[in-house]
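In: Fold the following for me, if possible:
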Amino acid sequence: MAMHRGRGRRGRLVAPALALALVGLTGCGGDDSSAGGGAKASACEPSKEPVTLEYWSWVPGMEKAVAAWNAKNPRVQVKVKTTPAGNAGTYQNLSNALKAKKAPDLAQVEYDSLASFRLKEGLRDIARCEGVTAAKSTFVDWTWSQATFGADGEDGVWAVPQDTGPMALFYRKDVFDKLGLAAPTTWAEYEAAARRIKADAPGRYVTHFSQTDPNWFTGLLWQNGAGMFDRQGDSWKVTVDRPESRKVAAYWQRLIDDKLVATDLQGFSPALYKAWTDGEVVTWISAAWGYSTIRDNAAATAGKWAVAPMPQWDKGGKAAGNWGGSTTVVTADAEHPYEASQFALWLNSDPQALEILNREGGLYPAAKAGLKLPALQQPVDFYGKQKIFDVFAEASGNVNTDFTWGPTMTDTYRFLSDGTSAAVSGNGTLGDALTTADAKSVASLRKQSLDVTD
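Out: Below is the predicted model:
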């Protein structure tokens, strides 16, 4: 992440795998295809010559993990290119590179965008590459299901899981304590806290509402059971605009209208980091990877933050949303899928690599072994020695795994971002954003010749 959303930087969490009926997808070095459109990987053999691979990633400190690989694997060297977070630039650049047949061998792609890149024929099926299918038990179950398609992965393996993004509430405990406020356990309490914070200091906000992070807003919808797509056989139903979503939208629209949230701050911006540092923005509903975003960009606030579960819609509830989480993909342009797949497996399961990525990039691992990293069991100094990952471990088990991603999520996110930007600027509402994103998502699916149920 990065931001991990894979951007600020990223268990059980995401949705069951999408069994997309797509055609003409690239296999691991071959062009075999199967009924239903799922490409089957052909032989995946190691190169007899030295290999150099290019890898695009936005995870901070990734170069240190790559250096560890390179030191151990002189025959297979990896060059990492640091790129903008997914929707902030990497995905567009990767799409352009794929069109020009100049894509890197490997790239970081979030779970919600895998289907989009598969639809674009941008990924290789690495199922027949050594050790890949056997790695299934290495990763948290839901993450492996995201990287495969079809029942039990019958349509191939299209990525190696990297990290996840269970969400919780980061809050300035010093500010809350001063005002006599406890960490809010419900959204009603969160709103009450927002009004108390505003009354105490008119220039202070409970949080910011970014115009450019539709993934974050999706995490809020997710917590309330507001799935955005539903698959019915070979047909898709778009459900972006639904009662559960409108409940969330109405709540945040009220906070926007009453000026309880900052609407002029974008996520992962210097202005936001300054607002955190100055105490002008005092909470952030974010994913596990967000702990390092605050730590690294608001260092002067060490000891002032704490982490609590997400506020609930129903008192006593435990539902959590998910924001982000990434995979490592082998692209359609990779000339050495075997070597690329071996690096991807090592990067996301080797204890040394997992420790580096957690320490440097703040990743919350998808590998089961990674969840036992010593760093995730210890108190965190920056957060007043709180064992914050206990909160995220609980959250990861409380995320609805029936959330389904659509096959054109990059388009849906763009539509949602345009609508939220308009709403934040006073040109419409978040409810309008849902309605428009829903209609445009239907059109986007049909443009791809996918069957859509009204």
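In: do you know how far the residue nearest the centre of the chain is from Gln162?
Out: Of all residues in the chain, the one closest to the mean position by Cα atoms, centre = their mean is Gly324, 1.1 Å from it. From Gly324 across to Gln162, the span is 10 Å (Cβ to Cβ, to the nearest Å). Backbone N, C-alpha and C define where each C-beta goes, glycine included.
In: now Cys44
Out: Distance of Cys44 to Gln162, computed by Cβ to Cβ: 20 Å.
In: And the pLDDT for the residue nearest to the centre of the chain?
Out: Turning to Gly324, the model gives it a pLDDT of 87.
In: again, but for Ala249
Out: On pLDDT, Ala249 comes in at 98.
In: And Gly361, by the same measure?
Out: At Gly361, the pLDDT recorded in the model is 86.
In: element containing the closest residue to it other than its chain neighbours?
Out: Sequence neighbours aside, Val59 is the residue nearest to Gly361 in space, at 4.1 Å (criterion: Cβ to Cβ, 6 or more residues apart in numbering). With elements taken from DSSP states H and E, nothing contains Val59; it lies in neither a helix nor a strand.
In: Repeat that for Glu355.
Out: Remark: Glu355 resides in helix 351-361, with elements defined by DSSP H and E.
In: Measure how far that helix is from the centre of its chain, please.
Out: Its chain's C-alpha centre and that of helix 351-361 lie 18 Å apart, by Cα atoms, centre = their mean, to the nearest Å.
In: for stretch 160-173, same thing?
Out: Computed by Cα atoms, centre = their mean, the separation of stretch 160-173 from the middle of its chain amounts to 9 Å.
In: all helices for the stretch 101-250 of the chain, in order.
Out: Secondary structure of the stretch 101-250 of the chain, counting by DSSP state H, counting those that start in this stretch: helices at 111-119, 141-147, 173-178, 187-200, 214-223, 243-257.
In: now the ones you listed as CSV including mean neighbour count?
Out: What follows is the helices of the stretch 101-250 of the chain, written out as CSV (neighbours: other Cβ atoms under 10 Å):
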stretch, mean neighbour count
helix 111-119, 25
helix 141-147, 23
helix 173-178, 16
helix 187-200, 17
helix 214-223, 25
helix 243-257, 18
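In: do you know which of those lies nearest Lys440?
Out: Of all the helices of the stretch 101-250 of the chain, it is helix 214-223 that lies closest to Lys440, at 12.7 Å by Cβ to Cβ.
In: who touches that closest one?
Out: Outside helix 214-223, the residues that touch it by Cβ atoms under 8 Å, 6 or more residues apart in numbering are 5, 87, 110, 112, 165, 167, 210, 228, 244-245, 248, 252, 267, 285-287, 310, 313, 319-324, 399-400, 403, 412-414, 416-417, 420.
In: Quick one: work out the angle between that helix and helix 187-200.
Out: When axes from the mean of the first three to the mean of the last three Cα atoms, to 10 degrees is applied, the directions of helix 214-223 and helix 187-200 differ by 130 degrees.
In: Show the pLDDT at Asp402.
Out: So Asp402 comes in at 79 (pLDDT).
In: Count the residues that sit near Thr420.
Out: Using other Cβ atoms under 10 Å as the criterion, Thr420 is surrounded by 29 other residues.
In: could you say what helices and strands the helix holding Glu355 packs with?
Out: helix 62-72, helix 337-349, helix 374-377 (3 or more Cβ pairs under 8 Å, 6 or more residues apart in numbering; DSSP states H and E).
In: Need the winner for burial among these.
Out: Looking across the helices and strands packed on helix 351-361 with neighbours counted as mean count of other Cβ atoms under 10 Å, the highest average goes to helix 337-349: a mean of 26.
In: Now do it against helix 62-72, angle only.
Out: With the same axes, to 10 degrees as the criterion, the two stretches helix 337-349 and helix 62-72 enclose an angle of 120 degrees.
In: Which elements pack onto helix 337-349?
Out: If you count contacts as 3+ Cβ pairs under 8 Å, 6+ apart, helix 337-349 packs onto strand 51-57, helix 62-72, strand 76-82, strand 106-110, strand 160-161, strand 326-330, helix 351-361.
In: From Ala340, how far out is the residue lying farthest from the centre of the chain?
Out: In the chain, Lys48 marks the outermost C-alpha relative to the chain mean, sitting 36.5 Å out by Cα atoms, centre = their mean. Using Cβ to Cβ, Lys48 is found at 16 Å from Ala340.
In: now swap in Gly431 and tell me
Out: Between Gly431 and Ala340 the computed distance is 44 Å (Cβ to Cβ).
In: Next: Asp125.
Out: Shown here: Asp125 relative to Ala340, a distance of 12 Å by Cβ to Cβ.
In: Ok, Trp144 next?
Out: Distance of Trp144 to Ala340, computed by Cβ to Cβ: 18 Å.
In: C-alpha coordinates for the longest helix along the chain, PDB please?
Out: Here the longest helix in the chain is taken by residue count, with DSSP state H as the criterion, and it is helix 430-447. Once non-C-alpha atoms are left out, helix 430-447 reads as follows in PDB (Å, rounded to 0.1, in the frame of the first residue of the first chain):
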ATOM      1  CA  LEU A 430     -23.800  10.300  -2.200                       C
ATOM      2  CA  GLY A 431     -27.200   8.800  -3.000                       C
ATOM      3  CA  ASP A 432     -27.000  10.300  -6.400                       C
ATOM      4  CA  ALA A 433     -23.400   8.800  -6.700                       C
ATOM      5  CA  LEU A 434     -24.800   5.300  -6.100                       C
ATOM      6  CA  THR A 435     -27.600   5.700  -8.600                       C
ATOM      7  CA  THR A 436     -25.300   6.900 -11.300                       C
ATOM      8  CA  ALA A 437     -22.500   4.400 -10.600                       C
ATOM      9  CA  ASP A 438     -25.100   1.600 -10.700                       C
ATOM     10  CA  ALA A 439     -26.400   2.600 -14.100                       C
ATOM     11  CA  LYS A 440     -23.000   3.200 -15.600                       C
ATOM     12  CA  SER A 441     -21.700  -0.100 -14.300                       C
ATOM     13  CA  VAL A 442     -24.500  -1.900 -16.100                       C
ATOM     14  CA  ALA A 443     -23.500  -0.100 -19.300                       C
ATOM     15  CA  SER A 444     -19.900  -1.000 -18.700                       C
ATOM     16  CA  LEU A 445     -20.700  -4.700 -18.300                       C
ATOM     17  CA  ARG A 446     -22.800  -4.700 -21.500                       C
ATOM     18  CA  LYS A 447     -20.000  -2.900 -23.400                       C
END
